[in-house]
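>>> my questions are about this predicted structure, shown below with the sequence.
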Amino acid sequence: MKRRDYLKNMGLSSLGLAVFNPDEKAIENLNLGKVPVKRPNGRTQDEAEQEAALKAEVFLNAHELATITVLSDIIIPADKKSGSASQSGVTAFIEFIVKDKTEFKTPMRGGLRWLDVESNKRFSKNFIDITPKQRINIVDDIAYPGKTPKHLSQGESFFTLMRNLTATGFYTSKIGIEDLEYKGNTPNQWNGVPDDVLKQYGLSYDA
Amino acid sequence: MINSSIYIKSQQEVFDVVIVGSGAGGGMAAHTLAKAGAKVCILEAGQPFDPADPKDMTQMKWPYESLRRGASSSLRNFGDFDAAYGGWDIEGEPYTRKEGTKFDWFRSRMVGGRTNHWGRISLRFGPDDFKRKSIDGLGDDWPIGYDDMKPYYDKVDQMIGVFGTNEGLRNDPDGYFLPPPKPRLHELMIKKANKALGIPTYPSRMSMLTKPINNERGSCFYCGQCNRGCSAYADFSSSSVLVKPAVQTGNTTLLPFAMAREVMTDPVTGLATGVSYVHTGTMMEYSVKGKIVVLAASAGETARLLLNSKSARFPNGIANSSGVVGKYINDSTGASRSAIIPSLFDRKRYNEDGVGGMHVYTPWWLDNKKLDFPRGYHIEYGGGMGMPNYGFGWGIEGLNGRENFNRDGIKKAAGGYGATLKEDYRRFYGAYVGFAGRGEPVPREDNYCEIDPNVVDKFGISVLRFNYKWSDYEVKQAKHMQDTFEEIIHSMGGEALGKKPGAENNYGLADPGRIIHEVGTARMGNDKNTSVLNSNCQAHDVKNLFVADAAPFVSQGDKNATWTILALSLRTSEYIIDQRKKGNL
């Protein structure tokens, strides 16, 4: 079949765009009022626009982001195996995700302010301006659900949120995935559980 | 008066067949009919999708390539890499529910429909699944039986490819299977636990190519990401496996962005003459003519289209003289539980991505005559050292304070921070297992969808209103699922996570629609007063109108619907070819 006929019958160009209807141009015309957003690979046009809008939005301010960086590195510090939360990009992840999942906006903003208020009560300075030892003095009171002094329960909720977001941000980063030693996401042949592991668990494929 | 400016002249070409929808049913119909030489036009409401096109491809991407680390969004409800454009709520395309009832409706708006991201669990129905009324007196029998369907299941197995094993099970019949992947570690543990409990465990039956079957499709390279769509076309999706080759015949015209409005009819003969549609991008109105119309828009959308196709001749909607269109809608039941297995703590790392989903499953194994609910379920299993994704590590404070969860055996305080917390995440990685039951409900006339008298979507098309409630049958089945999951978890030496769902929340029974197996809105039958379609999925009232999705299903089975949609669509398509040859259509 000639390429022209093939395209006519396919209704799809080699780029996967519909050409049967000549009105793809008309769609573009309908969108003339909008700032054009280039569609990156793996995203639909709607997603490209949604992401562009989220990226353009400013929610957390510089002080809040600095506090997140300090706190996330207390939760996930560098150790002999891998780097810290902030080294893995957790601050930028949290900056984006609280805009994307708007239910986090108020707990995050309010929690950060709660932390600064508590820090000022104890040490007359904001959390990022106190010593590491002073920071731990506060963190130890809110990091262990079930052991939190009753009057600090809101701090516990905030710390739990921060721990969740920090862990998710860290372990979905390149550094964190290497830390976990996830071995997949690569073409391979699955031939079953390695023999030494079968032996370790007392299992076999013959049973 | 309609503003004439939105109307474009209808196409002059009269197609042999106009198909609405490009999912499993529509794709199979297009593939079968176009290969037989028919001129076919497919209307697809969504956009083009090709998982091998870099523009659409998400396979092999890392979580950090997503701003939200793979979390779901309003535009991708099953995660940022999942191959489903659309979702539970689509802007400008509402649906409603009758007060006091529940139904959630997942719609994909893309070529291939929901087959792009589905679980690929490819279970053919067994003999009992077509004759439930004869067995338990509830619901209705299908007008056809397993023997009628077996040749088509066999053809689908061989054409599309499915792995599994022949086990000689009466109601989970043998098929033409490719070699199954070996069980993963947690799956071997489940199998062992199940054996002690008398619960059978078999290799799963899923449509990934563990061996190549033709030159157009590659074979599985075990990335575990079938839900993102496969760039090697090594799993089944209608877009890659059916629509693409149908288009390549030169006999198929695929129209994306085409939202069907009505089935058009000839007022004199009452026959279908084509389909009118609105272009979702330009909002221009079109119509396309066809000698035969096949609806495969999904059980919900097909019912909506039938009900909206009203005329003097069909005042209640086309093919609806029975009033049955929309009634008997039913979704699979679903309940789930997860657990953590301490013996898997600090496990050795290796790549166990495997295929995208479970390597073993449990078909229904008990006799309902001895139970307090009439229909069965199968169990799907999850777990393993998967790629970390948004949500990883969430809620560790519920785990790391438990007795004996620490490496040195000392109970430590839950939660925490710092280097020892990092140790906990590493230790628990890959130690989770998940259990999900998928069961058969009893279809009921008083569960239905209808046209909402007051609401239209942004295209001016009247929307569906759902009215659906579970009965005690389904609630008791969910209770049985939960009890079974706990037995298996305990038998594995695991600890169940979260509180066991109880009577207060229907034992975790998912709301209707959530399992995305809705079927039955235009059911088949021999009596035109109690069914919409005859035994060939041909409308009783309109002989050149057919339905090829899950709307014709009389009952759900304790299986998943897709393999039966494919086999039924193939059977219907071959019937159309036969009737055309005989001059009856």
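Cool, got the structure.
>>> quick one: low-confidence ranges for chain A?
A:1-35, A:207 (pLDDT under 70).
>>> wait, is residue B:224 part of a helix?
No: applying DSSP: H, G, I helix; E, B strand; the rest coil, one finds residue B:224 to be coil, outside a helix.
>>> surely it is in contact with residue A:183?
No: with contact defined as Cβ atoms under 8 Å, residue B:224 and residue A:183 do not form a contacting pair (11.7 Å). All C-beta atoms are positioned from the backbone trio N, CA, C, and that covers glycine.
>>> neighbour count: these two, which is higher?
Neighbour totals were compared for residue B:224 and residue A:183, and residue B:224 leads with 20 against 15 (other Cβ atoms under 10 Å in any protein chain shown).
>>> residues contacting the more buried one?
A:184, B:353, B:354, B:355, B:356, B:357, B:386, B:387 (Cβ atoms under 8 Å, 6 or more residues apart in numbering or on different chains).
>>> not counting sequence-adjacent ones, nearest residue to it?
residue B:353 (3.4 Å; Cβ to Cβ, 6 or more residues apart in numbering or on different chains).
>>> please parse chain B into its domains.
What automatic domain parsing lists as the domains of chain B is B:1-49+B:85-161+B:236-331+B:444-470+B:518-585, B:163-235+B:333-386+B:430-439+B:473-508.
>>> and what of chain A?
A:3-33, A:62-180.
>>> returning to what we had before: so which of the domains of chain B comes closest to residue B:71?
domain B:1-49+B:85-161+B:236-331+B:444-470+B:518-585 (13.7 Å; Cβ to Cβ).
>>> I'd like the average pLDDT over that closest one.
For domain B:1-49+B:85-161+B:236-331+B:444-470+B:518-585, mean pLDDT rounds to 96.
>>> and it with chain A, contact?
Yes: for domain B:1-49+B:85-161+B:236-331+B:444-470+B:518-585 and chain A, the contact criterion (Cβ under 8 Å from any Cβ of the partner chain) is met by B:47-49, B:85, B:247-248, B:250-257, B:279, B:281-284.
>>> just checking, which of those residues belong to helices?
Judged by DSSP state H, the subset of those located in helices is B:247, B:248.
>>> quick one: buried ones out of the residues of domain B:1-49+B:85-161+B:236-331+B:444-470+B:518-585 next to chain A?
Listed as buried from those are B:47-49, B:85, B:247, B:251-257, B:279, B:281-284; burial here means 16 or more other Cβ atoms under 10 Å in any protein chain shown.
>>> list the contacts for the residue of chain B found nearest chain A?
In chain B, the residue that lies nearest chain A is residue B:393 (3.1 Å; Cβ to the nearest Cβ). The contact partners of residue B:393, by Cβ under 8 Å, 6+ apart, come to A:164, A:167, A:168, A:170, A:171, B:425.
>>> can you name the residues that contact residue A:155?
A:111, A:114, A:115, A:118, A:138, A:141, A:142, A:148.
>>> list the buried ones in the helix or strand where the second one lies?
For residue A:114, the host element (DSSP states H and E) is helix A:105-123. Applying a neighbour-count criterion of 16+ other Cβ under 10 Å, the buried positions in helix A:105-123 are A:107, A:108, A:111, A:112, A:114, A:115, A:116, A:118, A:119, A:123.
>>> likewise stretch B:559-578?
For stretch B:559-578, a neighbour-count test (16+ other Cβ under 10 Å) marks B:559-577 as buried.
>>> identify those among these that sit within helices.
Mapping the buried residues of stretch B:559-578 onto helices (DSSP H) picks out B:562-577.
>>> farthest pair within these?
It's B:562 and B:577 that sit farthest apart of these, by Cβ to Cβ, at 22.6 Å.
>>> can I get the domains of chain A in CSV with distance to residue B:120?
Formatted as CSV, the domains of chain A follow (distance: least, Cβ to Cβ, whole Å):
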stretch, distance to residue B:120
domain A:3-33, 23
domain A:62-180, 25
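>>> so of those domains, which one's packed in deepest?
Of all the domains of chain A, domain A:62-180 carries the top mean neighbour count, a mean of 19, counting by mean count of other Cβ atoms under 10 Å in any protein chain shown.
>>> can you give me the end-to-end distance of that domain?
This stretch, domain A:62-180, spans 31 Å end to end (Cα to Cα, to the nearest Å).
>>> so what does residue B:153 have for phi and psi?
phi -60, psi -40 (degrees, to the nearest 10).
>>> that one: what's it in contact with?
So residue B:153 contacts B:124, B:173, B:175, B:563, B:567 (Cβ under 8 Å, 6+ apart).
>>> contacting residues around the residue lying closest to the third one once chain neighbours are set aside?
Here the nearest residue to residue B:175 in space, its sequence neighbours aside, is residue B:157; by Cβ to Cβ, 6+ apart that works out to 4.6 Å. Applying Cβ under 8 Å, 6+ apart, we find residue B:157 in contact with B:124, B:175, B:176, B:177.
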